[in-house]
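> Okay, here's the prediction I keep looking at, along with the sequence it came from:
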Amino acid sequence: MRNLAPQRLLPGTAAMNAHKHDREIVVLGLPPVTPEVKGMWHKGYPVHKGETETSANFATLYAKEHGIVPDQDLLRREWLNFVDTLLLAGFHLHIFPFPEQLNRPDSLYHDAVFIRDGGMIFRSIWIKGRFSVKDRITEGEFHTQVISSKLKKTVIDTPKDAFLEGGDINFLKTAEGSYYFGGLSRSSKKGHDFVRDIVRPDHYILVESDGYHLDTVFTPVVSADNRLAALIIASDSIKPRSMAKIRALKVPVIEVTAQDSSGTGDNLGDYAVNALIAPGVMVNCSRFSTPGVEEKLKKMGIERYVAPLTSFRYAGGSVHCLTNEVF
């Protein structure tokens, strides 16, 4: 049996104690097993696509082609270990129950456990996403209900002629200013511009990529003293003009292969780049397989934590997808 104990890898000597971080995170619990519903994705992973061909979720296509259905015992063990790992890394968690209305035989084709995608919390508001994937609109409504009722956030609707999914947003506030990276796969420029006018970042970059969400091809790295230390990018999946904008920031870029992203051809990737970060901390589902990446993170003093999420990988999601920050 695989060891699912929380893993702490390569602690950097310059890093702050991870337990000192007070970053608040929202997590949605798993749906309970019922006589009618045998667990999350118990009939297979739903295949979703947004407005463009490149917005298709490669992992779910892979799972469908290979007839993969998650083992529910493994899925729950991995999720519990994931929660333990976040706590070990020093995050404060708000774990909310899975919406009962979505755990029914007639509403199984969603990815609601990925609470990242429903929108973005900013101060006292919830910026509600607008899904380009029609099958996910209902789960977005429930994400909004959870955030507004449990955290008392005021809901701000995205314009009706815009698309916005939280997996396409990477927003961070550092000692040197705030950064907003917005993916243009399942989200639109109008959706990101709407958020920009609310959060008013110092740096605003829209990224065209082949990843169905930006967080499947990209993650920032923040140093212990809260500076943007690097950007880890599956660069083969990013359009050249977007890479040029990213490099213009003069922030070190660490390029990784498709294996650390969603994969290529008949090879499903590990989704290591789908990471949750805090100053001096990174939590993801596996070590980076691209040579030299882990060594670079160690030199930066990044405390590394790994929580395997095999069952969620086939849904195209990982640590970043399962979490949402309370800014």
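That came through fine.
> Tell me the bridge partners for the closest residue to Lys150 other than its chain neighbours.
Among residues not flanking Lys150 along the chain, Phe96 sits closest, at 5.6 Å (Cβ to Cβ, 6 or more residues apart in numbering). C-beta: built from backbone N, CA, C; applies to glycine. With DSSP bridges applied, Phe96 shows beta-bridge pairing to Leu28.
> Hmm, Phe96 is touching Val146, no?
Yes: if you go by Cβ atoms under 8 Å, Phe96 and Val146 touch, sitting 5.0 Å apart.
> give me the number of residues near Glu165?
31 (other Cβ atoms under 10 Å).
> what do you get for His320?
27.
> Helices of the stretch 1-150 of the chain, start to end?
58-65, 72-88, 137-150 (DSSP state H, counting those that start in this stretch).
> Arrange the ones you listed in a markdown table, one row each, with mean pLDDT, distance to Gly191 and mean neighbour count as further columns.
Shown next, in a markdown table, are those (pLDDT from 0 to 100; distance: least, Cβ to Cβ, whole Å; neighbours: other Cβ atoms under 10 Å):
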| stretch | mean pLDDT | distance to Gly191 | mean neighbour count |
| --- | --- | --- | --- |
| helix 58-65 | 92 | 23 | 19 |
| helix 72-88 | 97 | 28 | 18 |
| helix 137-150 | 95 | 13 | 18 |
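> Nearest to Val217, out of those?
helix 58-65 (11.2 Å; Cβ to Cβ).
> what's the closest one in contact with?
44-48, 68, 212, 262-263, 266, 268-269, 271, 313-316 (Cβ atoms under 8 Å, 6 or more residues apart in numbering).
> show me the contacts for the residue of the chain most remote from its centre.
Farthest-out residue of the chain from its mean C-alpha position, per Cα atoms, centre = their mean: Pro35, at 30.8 Å. When the contact criterion is Cβ under 8 Å, 6+ apart, Pro35 has no partners at all.
> Endpoint to endpoint, stretch 97-113 covers what distance?
10 Å (Cα to Cα, to the nearest Å).
> Give me the buried positions along it.
98-99, 102-103, 107-113 (16 or more other Cβ atoms under 10 Å).
> returning to that earlier point: common neighbours of Phe96 and Val146, please.
With Cβ under 8 Å, 6+ apart as the test, Phe96 and Val146 both reach Leu28.
> Just put the helices of the stretch 1-150 of the chain in JSON lines and tack on distance to Leu249.
Formatted as JSON lines, these follow (distance: least, Cβ to Cβ, whole Å):
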{"stretch": "helix 58-65", "distance to Leu249": "28"}
{"stretch": "helix 72-88", "distance to Leu249": "28"}
{"stretch": "helix 137-150", "distance to Leu249": "31"}
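> among the ones you listed, which is nearest Lys298?
Comparing the helices of the stretch 1-150 of the chain by Cβ to Cβ, helix 72-88 comes nearest, at 18.2 Å.
> Any chance you could give me that closest one in CSV, C-alpha atoms only?
Backbone C-alpha positions of helix 72-88 (Å, rounded to 0.1, in the frame of the first residue of the first chain) are rendered in CSV as follows:
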residue,chain,number,x,y,z
GLN,A,72,-13.3,5.5,-3.8
ASP,A,73,-11.2,4.2,-0.8
LEU,A,74,-8.0,5.6,-2.4
LEU,A,75,-9.7,8.8,-3.4
ARG,A,76,-10.8,9.5,0.2
ARG,A,77,-7.4,8.5,1.6
GLU,A,78,-5.7,10.9,-0.8
TRP,A,79,-8.1,13.7,0.1
LEU,A,80,-7.6,13.3,3.8
ASN,A,81,-3.8,13.2,3.3
PHE,A,82,-4.1,16.3,1.2
VAL,A,83,-5.9,18.1,4.1
ASP,A,84,-3.3,16.9,6.6
THR,A,85,-0.5,18.2,4.3
LEU,A,86,-2.0,21.6,4.0
LEU,A,87,-2.2,21.8,7.8
LEU,A,88,1.4,20.6,8.1
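> That concludes my questions; thank you for your assistance.
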